[in-house]
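Participant: just to be clear, the model below is a prediction. Sequence and coordinates:
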Amino acid sequence: MDRYQLCEALRAAGVPDAHYEIPGCPGGHPPLEGYYLAQREGEWIVGVHERGRRETLETFADESRACAWLYERLTDESSPPARPTATEMDEMLHDSEGIERRAQEQLKQALTESPRGTRGDPPNGGH
């Protein structure tokens, strides 16, 4: 896939033009924030443009790999976290100590079950 095919594929997938900047891809003004694709010194760079700054995320030797990587990021349909129910929201607002205690317990259990989690208590001695 080249950058022109990537543009077509992103449009077909319903990804708004405002989420990316790709050289030669028609669509108006470059986004103020979003992903970008650029070619520099024989390499293809994929990064993000946030708060007026560009940050490189990945560098590729060829255009095809860079385009595939960017397509995957922009079309990832993994579901966002579920919104808390009214009961969960009430609990968060009124039982912060209980939530913190359960979080510490879950962290300790996760560290114990982790292959690398044989180091004992979490930092601060678990409170």
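Facilitator: Looks like it arrived, so ask away.

Participant: please enumerate the helices of the chain.
Facilitator: Counting by DSSP state H, the chain has helices at residues 3-12, 63-75, 86-94, 96-113.

Participant: which residues are contacting the first one?
Facilitator: Think helix 3-12. Contact with helix 3-12 is made by 1, 17, 20, 22-27, 37, 63, 67, 70-71, 74-75, as judged by CB atoms under 8 Å, 6 or more residues apart in numbering. Bear in mind the C-beta positions are built from the backbone N, C-alpha and C, glycine included.

Participant: can you tell me the closest non-neighbouring residue to the one residue sitting closest to the centre of the chain?
Facilitator: Per CA atoms, centre = their mean, the C-alpha nearest to the average position across the chain is that of residue 73, at 7.7 Å. Closest residue to residue 73 apart from its sequence neighbours, by CB to CB, 6 or more residues apart in numbering: residue 35 at 6.5 Å.

Participant: which ones are touching the one you found?
Facilitator: 19, 20, 21, 46, 47, 48, 49, 70, 73, 74.
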